[in-house]
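**Student:** here's a sequence, model it:
(one chain, ligands or ions: 2)
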Amino acid sequence: MDATSFSGLLPHTDLNPNFARSYAQGTPLTSVSCHSLQEHRPSSQALAFLSSNKTSKITSLLGVSNVCRPVQKRNGVGKAICAVGLGVYGENVIEHQSHSHATEDKVGVLLLNLGGPDTLNDVQPFLFNLFADPDIIRLPRLFQCLQWPLAKLISVLRAPKSKEGYASIGGGSPLRKITNEQADALKTALKAKNLTANVYVGMRYWYPFTEEAVQQIKRDRITKLVVLPLYPQFSISTTGSSIRVLQSIFREDEYLSRLPVSIIRSWYKREGYVISMADLIKKEMEKFTRPEEVMIFFSAHGVPVSYVEDAGDPYKDQMEECIYLIMQKLKDRGINNDHTLAYQSRVGPVEWLKPYTDKVLVELGQKGVKSLLAVPVSFVSEHIETLEEIDMEYKELALESGIENWGRVPALNCTSSFITDLADAVIEALPTASATAMSTPRSASEEDDLDPVRYAIKLFFGSILAFVLLFSPRMILAFKNNLF
Ligand SMILES: C=CC1=C(C)c2cc3[nH]c(cc4nc(cc5[nH]c(cc1n2)c(C)c5CCC(=O)O)C(CCC(=O)O)=C4C)c(C)c3C=C
Ligand SMILES: [Fe+2]
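**Tutor:** Numbering: from 1, shown residues only. Ligands and ions are numbered 1, 2, ... in the order given. So this is what the prediction gives:
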């Protein structure tokens, strides 16, 4: 398990290749304090407001300069936070935290997840929030003013296709309901292990937003917090993005900045998770007439290749290791079937991790594979990409390509061995009384935005570049080819 504990939140330095490398190598459990904002992120309410029709004029392409102004929440607290008991920045310093003196600890567990539209009307604003995330659409610094207009444009263009998908699975995402059930089950499992804890759900792109969960944590006067992203493998685009949002909230708040926190950044290696996955696979395989002939087909959510190759995202390595561990567990049980890993759900004109799920399915059919068991592996709840993309689109493609027997392993959801293991992970990660400091300087781009002259220059050139990029042949082709 890759966990970090501290008081306050770690800087999100995944995009710094040096730091990213430490993710790939796995980081030991440490304690740190203080933190930094790397992004001017509007509040969730502001995001939802900006994506509503009322503001479409502001976010339209013609209004690029209007949306380029980052929403900043600045008060004196941010500065005060970084002064808390920390003599040396840039090195790990042991620090005693005030909350650790509390007579009785109040433990909180914050489950982080992606979030999904509850209704079809939510689809476009949900997509806006997703594409407005600089960890999802990673623009070069000079182009960052494009983020919101681009998000608006892509979300509006993609919404009809996405709506069709959500309509076909019942008119909305099941993610909120399943994550709430997982939270309840985790609370019960913790109680059974003699740990009374409040379990909160914080979504990245839809309700209940992470900001709302954190406000509740404050109101409940939690004294120790474990952050558990519901993604087994770390990616800049998922866990990384959610942690960055948490940092921005924590840095601005005196109480939160002193709160002992542990983050479990990845947990795909945990025995309980691996066993639970192997169990589910074995059970589904037994439904085939000839289980020994079944191809085990792991389908992971893709990420653009540049995340891995340029930004050092450990996602691909972790995914491959995860598949290896699950297959080892199956081998221990005498299951020696062939298996393969492919990546699904690519969006946009850039190259994503290969091989692509759709291409591999066709190839396997052509090669004569007759029985195939699809295993979704980047996510622990049913969602649109299991219920629609795998169960409908990929199944149809596989059957057309010559595969005759199709099966799909369900997502872990509330499988009891899995929830029990998450409870163990939480207990193992409970923050200790002492914490270590870590340097968290503002990013250069943040510093620029605090300087009005530099900001105006950036805004001017950014706006020009925005038009150039938006109307570039590559972008136009991507839209024409339905890649968004
Ligand atoms: C455009 C870039 C995207 C990246 C990078 C990305 C990474 C990524 N996503 C998940 C998990 C989920 N993504 C979901 C929905 C979804 N994701 C993207 C785009 C990227 N994801 C879009 C546009 C959407 C919306 C749905 C659609 O229009 O296709 C969901 C589903 C939520 C739900 O409503 O059910 C999940 C889950 C992972 C694990 C990941 C990187 C590792
Ligand atoms: Fe996604």
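
**Student:** from now on I want contacts and neighbour counts done on CA atoms only, so please keep to that.
**Tutor:** OK.

**Student:** for the residue in the stretch 301-450 of the chain positioned nearest to ligand 1, give me its contacts.
**Tutor:** Proximity of the stretch 301-450 of the chain to ligand 1 (Cα to the nearest ligand atom) peaks at residue 383, 3.6 Å away. Residues counted as contacts of residue 383 (Cα atoms under 8 Å, 6 or more residues apart in numbering) are 173-175.

**Student:** mind listing the strands for the stretch 101-250 of the chain?
**Tutor:** Along the stretch 101-250 of the chain, counting by DSSP state E, counting those that start in this stretch, strands occupy 107-113, 197-203, 224-229.

**Student:** could you point out which of those sits nearest ligand 1?
**Tutor:** strand 107-113 (8.0 Å).

**Student:** ok, that closest one: who's next to it in the sheet?
**Tutor:** Using DSSP bridges, the strands paired with strand 107-113 are strand 197-203 (parallel), strand 224-229 (parallel).

**Student:** as TSV, these with mean pLDDT, distance to ligand 1 and mean neighbour count would be great.
**Tutor:** Shown next, in TSV, are those (pLDDT from 0 to 100; distance: least, Cα to the nearest ligand atom, whole Å; neighbours: other Cα atoms under 10 Å):
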stretch	mean pLDDT	distance to ligand 1	mean neighbour count
strand 197-203	98	10	23
strand 224-229	98	11	26
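
**Student:** can you list the residues of the stretch 101-250 of the chain near ligand 1?
**Tutor:** Neighbours of ligand 1 within the stretch 101-250 of the chain, by Cα under 6 Å from any ligand atom: 115-117, 136, 162, 173, 175, 235, 237-238.

**Student:** are any of those buried, and which?
**Tutor:** By neighbour count, with 16 or more other Cα atoms under 10 Å, those hold 115-117, 136, 162, 173, 175, 235, 237-238 as buried.

**Student:** so where does the spatially closest residue to residue 401 that is not a sequence neighbour fall, helix or strand?
**Tutor:** Spatial nearest neighbour of residue 401, chain neighbours left out: residue 365 (4.8 Å); criterion: Cα to Cα, 6 or more residues apart in numbering. Using DSSP states H and E, residue 365 falls within helix 357-367.

**Student:** quick one: low-confidence ranges for the stretch 51-200 of the chain?
**Tutor:** Applying pLDDT under 70 to the stretch 51-200 of the chain flags the ranges 51-103.

**Student:** one step back: quick one: which of the buried ones among the residues of the stretch 101-250 of the chain next to ligand 1 sit in helices?
**Tutor:** The helices, defined by DSSP state H, take in 162, 175 from these.

**Student:** tell me the one of the contacts of residue 383 nearest residue 397?
**Tutor:** Residue 397 lies nearest to residue 173 out of the contacts of residue 383, by Cα to Cα, at 23.2 Å.

**Student:** I figured the closest one was touching residue 122, is that so?
**Tutor:** No - look at residue 173 against residue 122 with Cα atoms under 8 Å: they stay out of range, at 10.0 Å.

**Student:** distance of residue 289 from ligand 1?
**Tutor:** To ligand 1, residue 289 is 31 Å away according to Cα to the nearest ligand atom, to the nearest Å.

**Student:** just to revisit the earlier point, now, the most widely separated pair of the buried ones among the residues of the stretch 101-250 of the chain next to ligand 1?
**Tutor:** 162 and 235 (22.8 Å).

**Student:** which residue does the stretch 1-150 of the chain have closest to ligand 1?
**Tutor:** residue 116 (3.5 Å).

**Student:** thought that residue was touching residue 202?
**Tutor:** No - applying Cα under 8 Å as the test, residue 116 and residue 202 come out as separate, 11.8 Å apart.

**Student:** low-confidence stretches in the stretch 351-484 of the chain?
**Tutor:** In the prediction, the stretch 351-484 of the chain carries residues with pLDDT under 70 at positions 433-451, 453-471, 473-484.

**Student:** what does it put close to ligand 1?
**Tutor:** Counting by Cα under 6 Å from any ligand atom, the stretch 351-484 of the chain sits next to ligand 1 at 378-379, 383-384.

**Student:** same thing but 5 Å
**Tutor:** Where the stretch 351-484 of the chain comes near ligand 1, counting by Cα under 5 Å from any ligand atom, the residues are 378, 383-384.

**Student:** averaged pLDDT, stretch 318-325. What do you get?
**Tutor:** Mean pLDDT, stretch 318-325: 98.

**Student:** residues contacting that stretch, please?
**Tutor:** For stretch 318-325, contacts defined as Cα under 8 Å, 6+ apart pick out 24, 233-234, 268-269, 274, 298, 300, 341, 378.

**Student:** can you flag the buried ones in those?
**Tutor:** For those, buried by 16+ other Cα under 10 Å: 24, 233-234, 268-269, 274, 298, 300, 341, 378.

**Student:** distance of residue 314 relative to residue 234?
**Tutor:** Separation of residue 314 from residue 234 (Cα to Cα, to the nearest Å) stands at 7 Å.

**Student:** joint contacts of those two?
**Tutor:** Listed as contacting both residue 314 and residue 234 by Cα under 8 Å, 6+ apart is no residue at all.

**Student:** in stretch 334-352, what counts as buried?
**Tutor:** Of the residues in stretch 334-352, 335, 341-349, 352 count as buried by neighbour count, 16+ other Cα under 10 Å.

**Student:** what pLDDT does the model give the spatially closest residue to residue 1 that is not a sequence neighbour?
**Tutor:** Of all residues not flanking residue 1 in the chain, residue 267 sits nearest, at 4.7 Å (Cα to Cα, 6+ apart). pLDDT recorded at residue 267 is 98.

**Student:** now do the contacts for residue 267.
**Tutor:** Contact analysis of residue 267 by Cα under 8 Å, 6+ apart lists 1-2, 232-233, 273.

**Student:** which two of these have the greatest separation?
**Tutor:** 2 and 273 (13.8 Å).

**Student:** all strands of the stretch 251-400 of the chain, in order?
**Tutor:** With DSSP E, counting those that start in this stretch as the criterion, the stretch 251-400 of the chain has strands at 260-266, 295-301, 339-344, 371-376.

**Student:** what about the second one, average pLDDT?
**Tutor:** Looking back up the chat, that one is strand 295-301. Strand 295-301 carries an average pLDDT of 98.

**Student:** what packs against it?
**Tutor:** When contacts are defined as 3 or more Cα pairs under 8 Å, 6 or more residues apart in numbering; DSSP states H and E, strand 295-301 sits against strand 339-344, strand 371-376.

**Student:** again with the third one
**Tutor:** If you count contacts as 3+ Cα pairs under 8 Å, 6+ apart, strand 339-344 packs onto strand 295-301, helix 357-367.

**Student:** single out the most deeply packed of the ones you listed.
**Tutor:** Most buried of those, by mean neighbour count (mean count of other Cα atoms under 10 Å): strand 295-301, with a mean of 21.

**Student:** quick one: work out the angle between it and helix 357-367.
**Tutor:** 160 degrees (axes from the mean of the first three to the mean of the last three Cα atoms, to 10 degrees).

**Student:** so what strands line up beside strand 295-301?
**Tutor:** By DSSP bridges, strand 295-301 pairs with strand 339-344 (parallel), strand 371-376 (parallel).

**Student:** what residues does it touch?
**Tutor:** Under Cα under 8 Å, 6+ apart, the answer for strand 295-301 is 319, 323, 337-346, 357, 369, 371-378.
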